[in-house]
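Participant: Here is a sequence with its predicted model. Questions after.
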Amino acid sequence: MNIYIKLKSAGKRRPVLENVPYDLPDGIRTLRQLIDAVVRQEVDTYNSRGVENALVPFLTETQIAEQSTVGKVGFGRIYSDKKADPEKASEAALQGFEDGLFRVLINDTEVSELDGAVEIKNNDTLTFIRLTFLAGRLW
């Protein structure tokens, strides 16, 4: 199933990224299954990147300019050969949702129940909004 994913973060200079095409497996019925499927695909992508062994790493001026608009300039390299564990990553993402660290919207409608039914169709937009905490004391 082809959908689009939009990522938002409240604390970034550039809070909205364009819709990114994404392919999900069929048969997703709950938000829990949706988060699990997205996390597992991202872990697979991360694990398949591998360790780079460039002798002299460098960035072009264009790459530096593009990355500076986001607020972080880096090589995007993985320096460790340790692979991410999909089980632990999925558990962490689900715990993060339960703790209120991010929200999920499907076509601008918030989904708040992990085990509640969700209906995802082709070309739907899935939005993850990462929430940030305000600094300071509570009293």
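Facilitator: The structure has been received and is ready for your questions.
Participant: just the helices in the protein please.
Facilitator: Ranges of helices in the chain, per DSSP state H, are 31-49, 61-70, 86-98.
Participant: Need those helices in JSON lines (columns: distance to N123, mean pLDDT and mean neighbour count).
Facilitator: From N, CA and C alone the C-beta is placed, and that goes for glycine too. Converted to JSON lines, these look like this (distance: least, CB to CB, whole Å; pLDDT from 0 to 100; neighbours: other CB atoms under 10 Å):
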{"stretch": "helix 31-49", "distance to N123": "16", "mean pLDDT": "90", "mean neighbour count": "16"}
{"stretch": "helix 61-70", "distance to N123": "27", "mean pLDDT": "77", "mean neighbour count": "11"}
{"stretch": "helix 86-98", "distance to N123": "24", "mean pLDDT": "95", "mean neighbour count": "15"}
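Participant: can you list the ones you listed in a markdown table and add distance to L24?
Facilitator: Shown next, in a markdown table, are the helices of the chain (distance: least, CB to CB, whole Å):
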| stretch | distance to L24 |
| --- | --- |
| helix 31-49 | 6 |
| helix 61-70 | 26 |
| helix 86-98 | 15 |
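Participant: Indicate which one of those is closest to N2.
Facilitator: Nearest to N2, of all the helices of the chain, is helix 31-49, at 13.2 Å by CB to CB.
Participant: on that earlier part again, out of the helices of the chain, flag the one nearest Y22.
Facilitator: Nearest to Y22, of all these, is helix 31-49, at 7.7 Å by CB to CB.
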